[in-house]
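Student: Quick one, fold the following:
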Amino acid sequence: MAIPKFLKTFLTGPSPSPRSNTGSFGEKRAPEEEITKRPSGGKGLFGGKPFLRRPDFRRVLKKAPERLPGVVGGFKEKERVALEEGLFPKKEFGEYITPYEVNRRLRNLKREMIRERNISRKLEKRKELQYLEALRGKPEENEK
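Tutor: All right, here's what the predicted structure looks like:
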């Protein structure tokens with residue numbers, strides 16, 4: 001009786017050749033230092049950094065322009081700082097803000113905007129959402 005090909009791999013011992021660092025589909029695994037680092041470049045809110053400290057995040061919001069392209073309205077400096085305090089409370093998010101948390105908060109803000117019944121609050125949430133998305137910049141292909 002012939003042994004099926006897929007069973008031969010289990011019956012034979014481990015191959016004498018050392019294992020390569022390719023995945024099961026032949027793609028190369030990224031080096032360890034590339035996994036822990038974000039792609040370099042000054043694009044978007046984080047500029048290639050894996051996180052922002054709260055004072056740095058506040059400083060970025062203070063220096064951000066009042067109006068951004070693609071955003072219906074604008075925010076004055078005090079409103080931008082209040083935006084940081086309202087959307088990213090220190091009790092919930094701590095001292096560091098990561099891109100994942102910003103993306104998660106944007107998704108939640110979008111959900112809140114859809115569920116909101118009061119039109120004026122809905123428009124305010126939409127304005128906040130558009131401003132943060134424009135400030136964040138377009139995500140890289142590997143960050144999606």
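Student: in stretch 91-107, what's buried?
Tutor: Buried positions in stretch 91-107, judged by neighbour count with 16 or more other Cβ atoms under 10 Å: 93, 97, 99, 102, 103, 105, 106. Every residue, glycine included, has its C-beta placed from N, CA and C.
Student: Confirm residue 75 sits in a strand?
Tutor: No - judged by DSSP: H, G, I helix; E, B strand; the rest coil, residue 75 forms no part of a strand; its state is coil.
Student: mind checking how far it is from residue 132?
Tutor: Residue 75 sits at a distance of 10 Å from residue 132 (criterion: Cβ to Cβ, to the nearest Å).
Student: Common neighbours of those two, please.
Tutor: residue 83 (Cβ atoms under 8 Å, 6 or more residues apart in numbering).
Student: Looking at the buried residues of stretch 91-107, which is nearest residue 84?
Tutor: The shortest approach to residue 84 among the buried residues of stretch 91-107 belongs to residue 97, at 8.7 Å (Cβ to Cβ).
Student: Mind listing the residues bridging to the closest one?
Tutor: On the basis of DSSP bridges, residue 97 is bridged to residue 52.
Student: Now do it, the pLDDT please.
Tutor: Listed pLDDT for residue 97 reads 89.
Student: Repeat that for residue 108.
Tutor: Note on residue 108: pLDDT of 94.
Student: Confirm it sits in a helix?
Tutor: Yes - assessed by three-state DSSP, residue 108 belongs to a helix.
Student: Now for the chain, the helix or strand with the poorest mean pLDDT.
Tutor: Within the chain, judged by mean pLDDT, DSSP states H and E, the helix or strand with the poorest mean is helix 32-36; its value is a mean of 52.
Student: where do the helices sit along the chain?
Tutor: Assigned by DSSP state H, the chain shows helices spanning 5-11, 32-36, 54-63, 77-87, 90-93, 99-115, 119-136.
Student: closest to residue 44 out of the ones you listed?
Tutor: Nearest of those to residue 44, taken as Cβ to Cβ: helix 119-136 at 5.4 Å.
Student: helices and strands around the closest one, which ones?
Tutor: Under the contact criterion of 3 or more Cβ pairs under 8 Å, 6 or more residues apart in numbering; DSSP states H and E, helix 119-136 touches helix 77-87, helix 99-115.
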